[in-house]
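>>> sequence plus predicted model, see below.
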Amino acid sequence: IDTARGVVAANPQKPDLGRLPSDPFGTVEFRDGRVVTTADGKDTEILSSLSGQVNWEAMNSDASLTATGIWRGETVQLDFSSAKPL
């Protein structure tokens, strides 16, 4: 992350993405999670039954996220990908 910040700081308009590390990251899976907000000491559930995965082979490669969950009583699905996540 520090290296990515340095690459962007060196040239914010056109960062040299070739300088990003090729360190492996991998896949992160999550199951039966939830997202909550806290206000005035009270938790409010925004998403429930949250399951999916993030695939990101290396810091200098593309990444994707797929997830399903329940939002306001409705089943939702999210598919996201980025060729240049950093």
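Perfect, I can see it now.
>>> so the nearest residue to residue 68 once chain neighbours are set aside is in which element?
Computed as CB to CB, 6 or more residues apart in numbering, the closest residue to residue 68 that is not its neighbour in sequence is residue 77, at 4.9 Å. From N, CA and C alone the C-beta is placed, and that goes for glycine too. Using DSSP states H and E, residue 77 sits within strand 74-82.
>>> which secondary structure elements does that strand contact?
strand 63-71 (3 or more CB pairs under 8 Å, 6 or more residues apart in numbering; DSSP states H and E).
>>> among the helices and strands of the chain, which has the poorest mean pLDDT?
helix 2-10 (a mean of 84; mean pLDDT, DSSP states H and E).
>>> hmm, who's touching that one?
15, 16, 17, 19, 20, 21, 59, 86 (CB atoms under 8 Å, 6 or more residues apart in numbering).
>>> separation between residue 80 and residue 64?
7 Å (CB to CB, to the nearest Å).
>>> shared neighbours of these two, anything?
Joint contacts of residue 80 and residue 64 (CB under 8 Å, 6+ apart) do not exist.
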